[in-house]
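> Any chance you can model this:
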Amino acid sequence: MESRGEQRIGLLNGFAAYGMWGLVPLFWPLLEPSGAVEILAHRMVWSLGIVGVALLVIRRWAWAGELLRQPRRLGLIAIAATVITINWGVYIWAVNSGHVVEASLGYFINPLVTIAMGVLLLKERLRPAQWAAVGIGFAAVLVLTIGYGQPPWISLCLAFSFATYGLVKKKVNLGGLESLAAETAIQFLPALGYLVWLSGQGDATFGAEGAGHAALLAATGVVTAAPLVCFGAAAIRVPLSTLGLLQYLAPVLQFLLGVLYFHEAMPAERWAGFALVWAALSLLTWDALRTSRRSRQALLTAEPDMDAPELPEPTASRRH
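From the prediction side, this is the model:
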C-alpha cells in the first residue's frame, strides 16, 4: 500500500510539473511591457534566490564544495547555463511575439533531436522503429519548412538547445535543485549587471510599472523552480517510462493554448507537419513501451540452465 501511495504522489507531482510547464505561456505576457531580455535577466536573478532559500531549508550544501574542486564539471555547468539561457530567452521571446504553436513544436521534436544527438555524438545504436521515427520527424521539418517558407527556427533552436542541455546535465550528474543553483549562480552576475545597466539607462520596468508588475517579475523565480521541485519528486517515485509519457503533456497544453487561446493560425501545411511529428512520437512511444515490457518479462521469466553444472546459486537482482 505504501508503494502504491508513493506512486500516486509521484504521478500527481509529474502532472503538476508538466502541467505548469505547459501553462507557462499564460504567464510571460503578464510581464509586458518588459522585453524578453529583461524578463530573462529577472528570471536568472530571482531563480537563484528561490533555489538558494530552498537549499538553505533542506540544508543541502555539501555538493557545492565538491563541485568547486572539479574544473571539468564546472565547465560543463557553464555550458549548461549557456544553452539554457538561449532556451529560456528564445522561449520567452517566442511566446510574447505570438509564436506559441511554433514553440510547442520545439518540445514535441525534442525527443527526436535527443535521439539523433545520441547517434551522432554518443555513437548509440537505434532500433528500426527509432530510425523510422527520426526519419518521419525529419520529413515533418521539411514539410514545415515549405509551409513557413523557411526552416522553423524557433522550434529547432528550442529543441536543440534543450537536447544539448539534457546531454550536458547527464554528464554533470547533479540533482535538479543543485544543478539549477549552480547554473543560475553562473548566470547571476551578468543578469544583475544587465538589470543595473538597464536601470541606469532609464529603460527598466521593475518598479516603474507599479508594485504588481515588480511582484510578477520577482515571481519568475517561483515559475522556474516550482515545476522543477515537482519533477524531482516525481522522478524518484514513478518509472522512467511513465515520465516519458508525461513529458508530452507540456507541449500538448502549449499547442492547445496557441490555437485555442492565442488564436494563432494553423494552415494546412502546419497541420500536416504537426501530424507527422505526432506520428513519429507515437511510434517512438510504442517502441519504448514494447521494449520496456519485453525487458521486464525477460527478467522475470529468466530461469537457471538446468543442463549446466550445479553451481552455488547466484544472487540475482529482480524487480518487485
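> buried sites along stretch 64-82?
Buried residues in stretch 64-82, counted by 16 or more other Cβ atoms under 10 Å: L67, R73, L76, I77, I79, A80, A81, T82. For the C-beta atoms, the positions are set from N, CA and C on the backbone; glycine is no exception.
> quick one: contacts for the spatially most central residue of the chain?
Centroid-nearest residue in the chain, with Cα atoms, centre = their mean: F162, separated by 6.4 Å. Applying Cβ atoms under 8 Å, 6 or more residues apart in numbering, we find F162 in contact with V83, I84, N87, G106, Y107, N110.
> Looking at the buried residues of stretch 64-82, which two lie furthest apart in space?
L67 and T82 (17.0 Å; Cβ to Cβ).
> quick one: pLDDT of the residue nearest to A280 when sequence neighbours are not counted?
Using Cβ to Cβ, 6 or more residues apart in numbering and skipping the chain neighbours, the partner closest in space to A280 is I136 (3.9 Å). We have a pLDDT of 91 for I136.
> try A204
For A204, the model assigns a pLDDT of 91.
> How many residues are close by the closest residue to it other than its chain neighbours?
Sequence neighbours aside, L198 is the residue nearest to A204 in space, at 4.5 Å (criterion: Cβ to Cβ, 6+ apart). Residues lying near L198 (other Cβ atoms under 10 Å) number 18.
> Could you say which helix or strand holds L198?
Here L198 sits within helix 176-200, counting by DSSP states H and E.
> Show me what that helix is packed against.
Using 3 or more Cβ pairs under 8 Å, 6 or more residues apart in numbering; DSSP states H and E, the elements in contact with helix 176-200 are helix 36-58, helix 62-68, helix 71-96, helix 220-235.
> So for the last one, what gets flagged as buried?
It refers to helix 220-235. 220-221, 223-225, 227-231, 233-235.
> In a markdown table: the residues you listed, plus pLDDT.
A markdown table is the format used below for those (pLDDT from 0 to 100):
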| residue | pLDDT |
| --- | --- |
| T220 | 95 |
| G221 | 92 |
| V223 | 94 |
| T224 | 90 |
| A225 | 88 |
| P227 | 89 |
| L228 | 83 |
| V229 | 82 |
| C230 | 87 |
| F231 | 85 |
| A233 | 81 |
| A234 | 84 |
| A235 | 76 |
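> Could I get the pLDDT score of P314?
For P314, pLDDT reads 40.
> and L217, what does it touch?
Contacts for L217 (Cβ under 8 Å, 6+ apart) come out as L31, S34, I39, H42, W46, T205, F206.
> hmm, which two among those residues are most spread apart?
W46 and T205 (14.5 Å).
> what's V57 in contact with, if anything?
Taking Cβ under 8 Å, 6+ apart, one finds nothing in contact with V57.
> how about the helices in the stretch 151-300 of the chain?
153-172, 176-200, 211-218, 220-235, 240-246, 249-256, 268-301 (DSSP state H, counting those that start in this stretch).
> Going by neighbour count, which residues of the third one are buried?
Residues of helix 211-218 classed as buried: H213, L216, L217 (neighbour count, 16+ other Cβ under 10 Å).
> Kindly reformat these as TSV containing pLDDT and distance to G175.
Shown next, in TSV, are the buried residues of helix 211-218 (pLDDT from 0 to 100; distance: Cβ to Cβ, whole Å):
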residue	pLDDT	distance to G175
H213	95	33
L216	96	28
L217	95	27
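> Please identify which helix or strand holds A133.
helix 128-148.
> for the protein, which spans come out with low pLDDT?
Within the chain, the stretches with pLDDT under 70 are 1-2, 240-241, 302-320.
> Quick check: the gap between the residue nearest to A204 and E183.
22 Å (Cβ to Cβ, to the nearest Å).
> ditto for G89
The spacing between G89 and E183, counted by Cβ to Cβ, is 14 Å.
> of the two, who's got more company?
E183 (28 against 18).
> and the gap between L217 and A208?
For L217, the distance to A208 - Cβ to Cβ - is 11 Å.
> no wait, R72
Per Cβ to Cβ, R72 is found 43 Å from A208.
> same thing with L40?
18 Å.
> Tell me which of the two has more neighbours.
L40 (23 against 13).
> quick one, what contacts the more buried one?
By Cβ under 8 Å, 6+ apart, the neighbours of L40 are T85, W88, G89, I92, A191.
> Good, we can wrap up now.
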